[in-house]
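Trainee: Below: sequence and its predicted model.
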Amino acid sequence: MELRKELITPEIAKKLLEKNDKNRRFKMPVVFRYANDMKAGRWKDDTAEFIKISKNNTLLDGQHRMKAVTIANIPVFFWVAYNLEESVFDVLDTGASRSSSDTFKVACIKNDSGLSSIMSSYNTLKHTYNRDVQKHNKPTNSELLTQYNLNPDFWQFVFKMSSSWYDGFSKILPTSTIGAMFASFYHIHKEDAIDFMDQLCKGRDIKNPSIELLRKRLIQERLSNKKTTVSFRNALIVKVWNLYRKNEVVKILKFDPEKEEFSKPI
């Protein structure tokens, strides 16, 4: 690795961006803020935040700063790190925080945004019903990518089914919630997971009246100005899944977080 301070002109910045084959989505409010600071003389170049360039001249970190230089149209000094391995990309941090969706996009994963959201929700849900939500640290982008690569066909299947159920339920539940629930239930019983989500989201051939109660509850909540927490909603869904699995029925669907623990799906 080679480190040096360089004056980056708009022309150099443009060339770096053109060579970049790992582009993620620009967060333009961030770019314009940087550009305004550069034009106003507020930009500080000795912050130890390097522009990072790989051995293949790929811009690994600094895309927003380079875009800002082209917009400000003035030369700016930066510390630049050359000859990095491209494999370090998914563990880099930037001023414009790299989201898991950005990491998935750069890795050329199909349905990057939806999948990263589903998998993040799945991990949160899993730790919630395992009673260790307080100890759970959100997976890093690198960890989430590794999790995907261990079973990409499964996660693409989860996304495909979740998108269908999202449309079938008139967008009452977010795709991330549907996907997280389905992935969690799938690991318990594949056929039951598909059947349960079909009944809940499509509302056809409902065999357990508790599912109909849940559907009505979720629809009413969506239409109401009074919203419940995501955790409360998830608790109800898991509760009804367990009723479905045990072939049990309730006349009133409720969950009291002060008296009940978040159920673990069975």
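Mentor: Received the coordinates, thanks.
Trainee: Can you name the residues that contact the residue lying closest to Leu17 once chain neighbours are set aside?
Mentor: Using CB to CB, 6 or more residues apart in numbering and skipping the chain neighbours, the partner closest in space to Leu17 is Met66 (5.4 Å). Every C-beta, even on glycine, is put in place using the N, C-alpha and C of the backbone. Going by CB atoms under 8 Å, 6 or more residues apart in numbering, Met66 touches Ile8, Ala13, Lys14, Leu16, Leu17, Ile51, Leu59.
Trainee: Name the helix or strand for Met66, please.
Mentor: For Met66, the element it lies in under DSSP states H and E is helix 63-72.
Trainee: which of the residues in that helix are buried?
Mentor: Gln63, His64, Arg65, Met66, Lys67, Ala68, Val69, Thr70, Ile71, Ala72 (16 or more other CB atoms under 10 Å).
Trainee: Would you reformat these as CSV and include pLDDT and distance to Leu243?
Mentor: Below are the buried residues of helix 63-72 laid out as CSV (pLDDT from 0 to 100; distance: CB to CB, whole Å):
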residue, pLDDT, distance to Leu243
Gln63, 89, 49
His64, 91, 49
Arg65, 93, 53
Met66, 94, 55
Lys67, 94, 52
Ala68, 94, 54
Val69, 96, 59
Thr70, 96, 58
Ile71, 95, 56
Ala72, 95, 60
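Trainee: from these, which two are the most distant?
Mentor: Longest distance between any two of these is 15.0 Å, between Gln63 and Ala72; criterion CB to CB.
Trainee: thinking again about what came up before, between the contacts of Met66, identify the one with the most neighbours.
Mentor: Ala13 (26 neighbours; other CB atoms under 10 Å).
Trainee: Show the contacting residues for that residue.
Mentor: Contacts of Ala13 (CB under 8 Å, 6+ apart): Met66, Lys67, Val69, Thr70.
Trainee: Tyr122: which of those residues is nearest?
Mentor: Lys67 (33.1 Å).
Trainee: Tell me if I'm right that that closest one and Val31 touch.
Mentor: Yes: contact criterion CB atoms under 8 Å: Lys67 and Val31 qualify, at 4.8 Å.
Trainee: The stretch 101-250 of the chain: helices as residue ranges?
Mentor: For the stretch 101-250 of the chain, applying DSSP state H, counting those that start in this stretch gives helices covering 112-129, 141-150, 152-168, 175-186, 190-202, 209-223, 230-246.
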